[in-house]
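> Make a model of this:
(chains A and B)
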Amino acid sequence: DGGITQSPKYLFRKEGQNVTLSCEQNLNHDAMYWYRQDPGQGLRLIYYSQIVNDFQKGDIAEGYSVSREKKESFPLTVTSAQKNPTAFYLCASGAPGGLADTQYFGPGTRLTVL
Amino acid sequence: AQSVTQPDIHITVSEGASLELRCNYSYGATPYLFWYVQSPGQGLQLLLKYFSGDTLVQGIKGFEAEFKRSQSSFNLRKPSVHWSDAAEYFCATISGGYNKLIFGAGTRLAVHP
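Next comes the predicted model:
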């Protein structure tokens, strides 16, 4: 069954802790993305990776870090430097289609800071 | 800079009624446009996309959208809404060489029985 999986579905973090959100895809897509969603807002890009061992900052990268050691995996770490990390986090992977990818999304991880 | 505007924050329709969700984009050349749907607490599901060609695009779940360059619009339509269509709908466009998605703020659809 092809798709994108994210774990955990719910995550609780104490102040000052780093947490890592998992994203795995078996669609053989080169590109992967992390978005953040806040209530009443659209999605905002945190980081993206177009190929293994390479990634770039998006619009709101401060307080986050990523790695891309395998094509299938793109984990996101929310560090203690992120001032307001409570949000819904969505991972996507991109299927190439000429000049633009079509992005497919995982089910999301809801992070709450206690 | 490219942007997408969804003028309606909330829309309520009766089950069986027709639906049109509005989306306006700002971009000089032909944009790449998408509609996604999100049920509460879930990820986004792609409904349809427009890259080029026929301006009327068919998607999943009985949805269609029409690209109108003269109006800078890409409105989503469905002839008869089902209660299961209640969700939030996002219009998006591609920006830049790395395929960054620019999202509208979303339209929340409620369906009355």
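> Phi first, then psi, for the residue in chain A positioned nearest to chain B.
Nearest residue of chain A to chain B, counting by CB to the nearest CB: residue A:42, 3.3 Å away. Where you see a C-beta, it was placed from the backbone N, CA and C, and this is true even at glycine. When read as degrees, to the nearest 10, the backbone of residue A:42 gives phi -80, psi -170.
> for it, what are its contacts?
For residue A:42, the contacting residues are B:90, B:92, B:103-106, by CB atoms under 8 Å, 6 or more residues apart in numbering or on different chains.
> can you map out the strands along the chain?
No chain was given, so I picked chain A. Remark: strands assigned in chain A by DSSP state E are A:4-7, A:10-13, A:19-25, A:31-37, A:43-51, A:54-57, A:64-66, A:76-78, A:87-95, A:102-105, A:109-113.
> ah, I was thinking of chain B
With DSSP E as the criterion, chain B has strands spanning B:3-5, B:10-14, B:19-21, B:24-26, B:33-38, B:44-50, B:56-58, B:64-68, B:73-78, B:87-95, B:100-103, B:107-112.
> Only the buried residues of the last one, if you could.
By 16 or more other CB atoms under 10 Å in any protein chain shown, the buried positions in strand B:107-112 come out as B:107-109, B:111.
> Also the first one?
Under the neighbour-count criterion of 16+ other CB under 10 Å, strand B:3-5 has residue B:4 buried.
> Repeat that for the second one.
By 16+ other CB under 10 Å, the buried positions in strand B:10-14 come out as residue B:13.
> Direction-wise, compare that strand with strand B:107-112 and give the angle.
30 degrees (axes from the mean of the first three to the mean of the last three CA atoms, to 10 degrees).
> where does chain A have low pLDDT?
A:1-2, A:96-100 (pLDDT under 70).
> which bits of it sit near chain B?
A:4, A:6, A:31, A:33, A:35, A:40-43, A:45, A:48, A:50, A:56, A:58, A:90, A:92, A:94, A:97-108, A:110 (CB under 8 Å from any CB of the partner chain).
> Tell me how far the residue of chain A closest to chain B lies from residue A:34.
15 Å (CB to CB, to the nearest Å).
> Please name the bridge partners of residue B:111.
residue B:13 (DSSP bridges).
> same check, this time on residue A:113
Bridge pairing for residue A:113 - DSSP bridges - gives residue A:13.
> isn't it right next to residue A:13, touching?
Yes. Residue A:113 lies in contact with residue A:13 (CB atoms under 8 Å); the separation is 5.1 Å.
> Lovely, talk soon.
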